[in-house]
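Novice: Okay, sequence plus prediction incoming.
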Amino acid sequence: MAVLRPAGEFDTSYAYDMASIRRRWQWVLLAISIVALYTLPLYANRSTVALVNRIGIAIISVQGLNLLIGYTGQISLGQAAFMMVGGYISALLVGNLGLSIVIALPAAGLGAGLVGLFFGLPSLRVKGFYLAMATLAAQFIIPWFLRHAFPDILNETQGLIVEVPVLLGIRFGDPNSFLMLTATVLLITTVVAHNIARSRLGRAFVAIRDNDLAAELLGVNLFRYKLIAFFLAAVYAGLAGALSAHYFRHINSETFNLGDSIILLGMLVVGGLGTSLGPFLGAIVVQLLIEGATVLAPAFVQLFPGSEGHAVQAFKPLFFGLTLMLFLILEPRGLAHRWQIIKASWRLRPFSF
Amino acid sequence: MNWQLVPQFGIAGLLAGGPIALIALGIVLIYKATYIFNFAQGQLLLLGALFTWFFALELGWPIGISIVLALVLAALLGLLIERFALRPMTGQPIFAIVLMTLGLAQFLQGVALLLFGGTQRNFPHLFSIENPYRISMPFYFNGNQITVILKQNLVWSFVVAILAVVLIGAFFQFSRTGLAMRATSEDHELAQSVGLRIRRIFGASWAMAAMVATVAGVLLATSSGLDMSLSLVVLSAFATVLLGGLDSIPGTIVGGLIIGASIGLTKASTVPLIRDMSEIMPYIVLLVVLLIRPEGIFGQRRIERI
């Protein structure tokens, strides 16, 4: 996308040319938003904070998916399965070995990343929906493996009760305190993802996405970069899964299913593929939509008596599927693209194009 | 391996592969004409079975008429989906189209839940559930002759499913419309330039796929009952499609039989871990196929150019 700079703003140094945050007011805005995020529990009620936690966790996972799909162009239907791997690793490290969350979280990411590496191997041979199939297989084989390989450690019949993580004497046991954890991880993953995307690595990813054969001829090592993309996506999934496990304090082999993988994909599409902003917008909109569906359902039941019971269940896939389809038809580049257009038209005002 | 059980589970699995082949056929039909892999085939199957259930049990109409009406409704649904969901996606990248059918799957699942509710329901028996067939095998195990017991609905579902696949295969091979469809699947622009109406062919493919899914749905519902999880059967059909080849109709039969038999045979194992593996067997086959021969047994290998 063409970089559209406001009038009168010139890149006077290389550092300024490369800067993501360019103006002083942008720094101020960023600082205010971060402070607002961390102090949210002071002025928002508990359910809002809980919602922000869930959205934050979703954003982290979608960011990983964005690196894989949005930048590298490799389809994955198995993101939720990698979240499960991360969730189990962190739950076991904190619960059984008593390790600190500072060690458990990176370990969860790394473990999930290694599993992701394995299921990324077919990407070297196949692409398109063949690859979608291979990752779909991951979505079913990983839970099965966890269910049957270690039934004793993972306590598969009831699932695993996950310990509350403790750090520096703070117990992250309720949504309010857990937000500190989610927000910190989210900040780190955002900075890392944004900078990967505009580095040498990110440019190699984009080259593979745009045409993998051409990229290979130009000297991009497909083997290496596709696997790095799968690894990174799974690391992000592992982090998100670990946070999710500690947040809900329960995990079993059905916690992260195919439906969750598809919702994560939907968030990415609604937000916008291949942008840093996309995962934020998409996760917020889709999560609100899904929560909205559960709020709307009782009203629907009042309008149409006789649909009790299943309206609530039905609204979630109905709304989500419809949103995804409408976005794919009407705005396939997502909300981030729409935001770019709004920004551009504001800068070019009064000339509307 | 529990050798005494191998013939029983192997043959039962092989027969269960019939309906799987029929589901796979629906996916292949759409792929051949439009290059779209339809992830929503399971939901088409579910809706087809639910339509039949609605006419037959809720309204109390004869089962034959109910099935015909359900087929008509399914064909309409297929046409609607093609017109409003997939046609706007023409020329979009594969990722968008994959997501479109995934979104469609979610949407249709929601529609099915909203219209019919998520309860487990009875389905009329098309085939007698008593008097299973007993076939004595011409070989012995520990001095006992092995007898395979097969439920009637298993056998007849297999026969109907294979018949349907063969019929549609013949339709593709010998009819004018079939010829047009095959031409379209070679190259959209070329087909259009010789005067084929490819939009109509796309619509016809979706309608046929939805009807095939309805038949498969009825066959599965009559042997195992009807609830929302029926749409999950499609997951083993994905493996079948890739194994047989995405654009091959005979491939669906071969793939279905191999997947069915491999699921059946894992159930005959004496090791509990392998016995439990039957639920992910399709995916293991799928991964092996993708690594060894991604185009499947009968599929066409396509060469890519920059």
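Specialist: Good, I have the coordinates.

Novice: residues in the stretch 201-350 of chain A within reach of chain B, list them.
Specialist: Contact residues, the stretch 201-350 of chain A versus chain B (CB under 8 Å from any CB of the partner chain): A:211, A:213-214, A:217, A:259, A:262, A:265-266, A:269, A:273, A:307, A:309-311, A:313-325, A:328-329, A:332. (Each C-beta comes from the backbone N, C-alpha and C, glycine too.)

Novice: Give the next helix or strand downstream of the longest helix seen in chain B.
Specialist: Determined from DSSP state H, the single longest helix within chain B is helix B:6-34. Following helix B:6-34 in sequence order, the next helix or strand is helix B:41-53 (DSSP states H and E).

Novice: how far out from the middle of the chain is that next one?
Specialist: Relative to the mean C-alpha coordinate of its chain, helix B:41-53 is positioned 12 Å out (CA atoms, centre = their mean, to the nearest Å).

Novice: List the contacts of the residue nearest to A:G274 when sequence neighbours are not counted.
Specialist: Computed as CB to CB, 6 or more residues apart in numbering or on different chains, the closest residue to A:G274 that is not its neighbour in sequence is A:G70, at 3.8 Å. By CB atoms under 8 Å, 6 or more residues apart in numbering or on different chains, the residues touching A:G70 are A:L268, A:G272, A:L273, A:G274, A:T275, A:G278.

Novice: pull the CA atoms of stretch B:220-239 into CSV?
Specialist: C-alpha atoms of stretch B:220-239 as CSV (Å, rounded to 0.1, in the frame of the first residue of the first chain):
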residue,chain,number,x,y,z
LEU,B,220,-26.6,-42.1,7.3
ALA,B,221,-29.6,-40.8,9.3
THR,B,222,-31.6,-44.0,8.7
SER,B,223,-28.8,-46.2,10.1
SER,B,224,-27.5,-44.0,13.0
GLY,B,225,-30.3,-41.5,13.8
LEU,B,226,-30.3,-37.8,13.2
ASP,B,227,-28.7,-34.9,15.2
MET,B,228,-26.5,-31.9,14.6
SER,B,229,-23.3,-33.9,14.8
LEU,B,230,-24.2,-35.7,11.5
SER,B,231,-22.3,-32.9,9.7
LEU,B,232,-19.1,-34.1,11.2
VAL,B,233,-19.2,-37.3,9.0
VAL,B,234,-17.9,-35.1,6.3
LEU,B,235,-14.5,-34.9,7.9
SER,B,236,-13.7,-38.5,6.9
ALA,B,237,-14.9,-37.6,3.4
PHE,B,238,-12.2,-34.9,3.1
ALA,B,239,-9.6,-37.6,3.4
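
Novice: ok, and does that stretch reach over to chain A?
Specialist: Yes: interface with chain A: stretch B:220-239 contributes B:L235, B:F238 (CB under 8 Å from any CB).

Novice: can you tell me the average pLDDT over that stretch?
Specialist: In this model, stretch B:220-239 has a mean pLDDT of 82.

Novice: If we ignore the residues flanking it in sequence, what's nearest the closest residue to chain A within the stretch 201-306 of chain B?
Specialist: Nearest residue of the stretch 201-306 of chain B to chain A: B:Y283, at 3.9 Å (CB to the nearest CB). Of all residues not flanking B:Y283 in the chain, A:A137 sits nearest, at 3.9 Å (CB to CB, 6+ apart).

Novice: Now do the host helix or strand of the one you found against helix B:6-34, angle only.
Specialist: In the assignment (DSSP H and E), A:A137 maps to helix A:129-149. Helix A:129-149 runs at 150 degrees relative to helix B:6-34, counting by axes from the mean of the first three to the mean of the last three CA atoms, to 10 degrees.

Novice: Next, the buried residues of helix A:129-149.
Specialist: A:129-148 (16 or more other CB atoms under 10 Å in any protein chain shown).

Novice: now for the longest strand belonging to chain B, which elements pack on it?
Specialist: Of all segments of type strand in chain B, defined using DSSP state E, the longest is strand B:133-141. If contacts are counted by 3 or more CB pairs under 8 Å, 6 or more residues apart in numbering or on different chains; DSSP states H and E, strand B:133-141 sits against strand B:144-150.

Novice: Tell me the helix or strand right after the strand it packs on.
Specialist: helix B:152-174.

Novice: Name the surrounding residues that touch that next one.
Specialist: B:12, B:15-19, B:21-22, B:25, B:29, B:125-133, B:177-178, B:181-182, B:208, B:212, B:215-216, B:219-220, B:222-223, B:249-250, B:252-253.

Novice: Just the pLDDT for A:S352.
Specialist: 60.

Novice: Likewise for B:V155?
Specialist: 85.

Novice: Please determine how far it is located from chain A.
Specialist: For B:V155, the distance to chain A equals 29 Å [CB to the nearest CB, to the nearest Å].

Novice: Quick one: residues contacting A:G272.
Specialist: A:G70, A:G278, A:L281, A:G282, A:R333, A:G334, A:L335, A:A336, A:H337.

Novice: mind checking the end-to-end distance for stretch A:270-289?
Specialist: Length of stretch A:270-289, first residue to last, CA to CA, to the nearest Å: 11 Å.

Novice: coming back round to it: now that we have the contacts of A:G272, which one has the most neighbours?
Specialist: A:G282 (30 neighbours; other CB atoms under 10 Å in any protein chain shown).

Novice: Any stretches of the stretch 151-300 of chain A with poor pLDDT?
Specialist: A:152-157, A:169 (pLDDT under 70).

Novice: in it, which spans are helices?
Specialist: Secondary structure of the stretch 151-300 of chain A, counting by DSSP state H, counting those that start in this stretch: helices at A:151-154, A:175-197, A:200-210, A:212-217, A:222-248, A:258-271, A:278-303.

Novice: how far does the second one sit from the chain's center?
Specialist: Relative to the centre of its chain, helix A:175-197 is centred 11 Å away, using CA atoms, centre = their mean.

Novice: what does the fourth one give?
Specialist: Between the centre of helix A:212-217 and the centre of its host chain there is 28 Å, according to CA atoms, centre = their mean.

Novice: how many other residues sit next to residue 299?
Specialist: Picking chain A for this. A:A299, neighbours per other CB under 10 Å, totals 9.

Novice: oops, chain B please
Specialist: 20.

Novice: Same question for A:I251.
Specialist: For A:I251, using other CB under 10 Å, the count is 26.

Novice: how much space between it and A:I101?
Specialist: 15 Å (CB to CB, to the nearest Å).

Novice: before we move on, what about B:L69?
Specialist: With CB to CB as the criterion, B:L69 and A:I101 are 59 Å apart.

Novice: Show me which of these two is the more surrounded one.
Specialist: A:I101 (21 against 17).

Novice: wait, isn't the more buried one in contact with A:V166?
Specialist: Yes: between A:I101 and A:V166 there is a contact under CB atoms under 8 Å: 7.5 Å.

Novice: can you list residues touching both of those two?
Specialist: Taking CB under 8 Å, 6+ apart as the contact rule, A:I101 and A:V166 both touch A:F172.
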